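In: One predicted model, sequence on top.
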Amino acid sequence: MATKTPDQYRSPVNPTWCKDCGDYKVLDALTSALAEVGVESHDIVTTAGVGCASRLPFYLNTYGFHTVHGRALPAAIGIKVANRERTVISVGGDGDAFSIGGNHFIHTSRKNPDITYVVMDNEIYGLTKGQNSPTSHEDLLTKINPYQVVEDRINPVLMALSFNTSFIARAFCDETEQLKNIIARAIRHKGFSFVHVLSPCTQYNEKVTYDSLKKRIVALPENHDRQDRLLGMKYAFTQEPLYTGIFYERERPTLLDKLDHIKEMSMAEIGNPKNYNLQDIMKQFE
Ligand SMILES: Cc1ncc(C[n+]2csc(CCOP(=O)(O)OP(=O)(O)O)c2C)c(N)n1
Ligand code: SF4
Ligand SMILES: [Mg+2]
């Protein structure tokens, strides 16, 4: 297999993101990770919902599906089940993933399909010009919450740990080497892998900046036991510092493993399907 370069995974489309948007760095890290893993462009499918972050598949030289808001994951599951050889990657923002699409995040974790989900969290709805998202800080006043934010914020990594997502990591987009390594490992992981990326919006969230994040983040201890979900929760619960790295990583049967098993069991029960007669089945219900 010839060595791949990140450029091979970029489409000719120029991103419409604002200057210095964190998502550029995620795009670079993702293409570098794909080059490292070495998967062919035509074997990759990316899906996204709606938002600035969700525009990412346009900039990739892969198959892509820009779905509707919050529906990147169900589309990805369908694609993986129908095309098991494909590498399937979903991307999106914090609003897309945890607000309108929050429900899918829970149930995708339960199904454990072999797909990777990269969420670019800027703690704001960027595309629609700055409304609070589920990860926004309670002090962030915006046009829709000019006096006080009425909802508590959520903690995506802690949520994923409670859903037993089989690979869970957090990274800062400006730590490009760490982000690339984590995404590459997430892609190689067999099962549902979630990468929570801290990715500033330079237009609509002046509280979450490169400088403020740089001051808050600390890498997880090198000897962190990634199989220990409870320990992962302890680190995820901590907000100061904000830990980065792989919190949890444990493979278990994937959705396709389970579907294959069901198929085997049903085949064993009915024998050769060619000999099976629909009329005989219908008679059971007469
Ligand atoms: C069903 C539906 N509801 C609302 C919208 C409007 N809308 C588009 S993007 C978005 C939020 C995007 O926020 P996020 O996912 O955090 O992405 P960002 O733009 O911050 O990267 C909303 C509410 C929509 N497109 N469709
Ligand atoms: S509005 Fe924010 S999230 Fe959207 S492209 Fe601009 S900087 Fe990035
Ligand atoms: Mg956002």
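Out: Perfect, I can see it now. Numbers count the residues shown, from 1 in each chain. Ligands and ions are numbered 1, 2, ... in the order given.

In: Run through the residues of the stretch 151-286 of the chain sitting next to ligand 2.
Out: Cys201, Thr202, Gln203, Tyr204 (C-beta under 6 Å from any ligand atom). All C-beta atoms are positioned from the backbone trio N, CA, C, and that covers glycine.

In: Could I get the full set of helices for the stretch 51-200 of the chain?
Out: 72-82, 94-95, 102-111, 156-163, 176-188 (DSSP state H, counting those that start in this stretch).

In: Buried ones among the residues of the stretch 151-286 of the chain next to ligand 2?
Out: Cys201, Thr202, Gln203, Tyr204 (16 or more other C-beta atoms under 10 Å).

In: need the contact list for the first one.
Out: Under the criterion of C-beta atoms under 8 Å, 6 or more residues apart in numbering, the neighbours of Cys201 are Cys18, Cys21, Gly22, Cys52, Asn122, Glu123, Ile124, Gly126, Val208.

In: quick revisit: with respect to burial, which of the helices of the stretch 51-200 of the chain scores highest?
Out: helix 94-95 (a mean of 30; mean count of other C-beta atoms under 10 Å).

In: Which strands or helices does that helix pack on?
Out: Applying 3 or more C-beta pairs under 8 Å, 6 or more residues apart in numbering; DSSP states H and E, we find helix 94-95 packed against strand 115-121.

In: got the angle between the strand it packs on and helix 72-82?
Out: For strand 115-121 against helix 72-82, the angle by axes from the mean of the first three to the mean of the last three C-alpha atoms, to 10 degrees is 160 degrees.

In: residues in the stretch 51-200 of the chain within reach of ligand 1, list them.
Out: 51-53, 69, 92-96, 120, 122, 124-128, 133.

In: Of all residues in this structure, which one is closest to ligand 3?
Out: Ligand 3 sits closest to Gly93 of the chain, with a gap of 3.5 Å, by C-beta to the ion.

In: in terms of contact, does that residue touch Gln131 like I think?
Out: No. Using C-beta atoms under 8 Å, Gly93 makes no contact with Gln131, being 11.9 Å away.

In: before we move on, the earlier item: looking at the helices of the stretch 51-200 of the chain, which is nearest to Tyr63?
Out: helix 72-82 (8.5 Å; C-beta to C-beta).

In: mind checking how far that closest one is from the chain centre?
Out: Helix 72-82 has its C-alpha centroid displaced from the chain centroid by 13 Å (C-alpha atoms, centre = their mean, to the nearest Å).

In: gap between the residue nearest to Asn164 when sequence neighbours are not counted and His66?
Out: The shortest distance from Asn164 to any non-neighbouring residue, by C-beta to C-beta, 6 or more residues apart in numbering, is to Ser109 (6.2 Å). Note on Ser109: its distance to His66, by C-beta to C-beta, to the nearest Å, is 23 Å.
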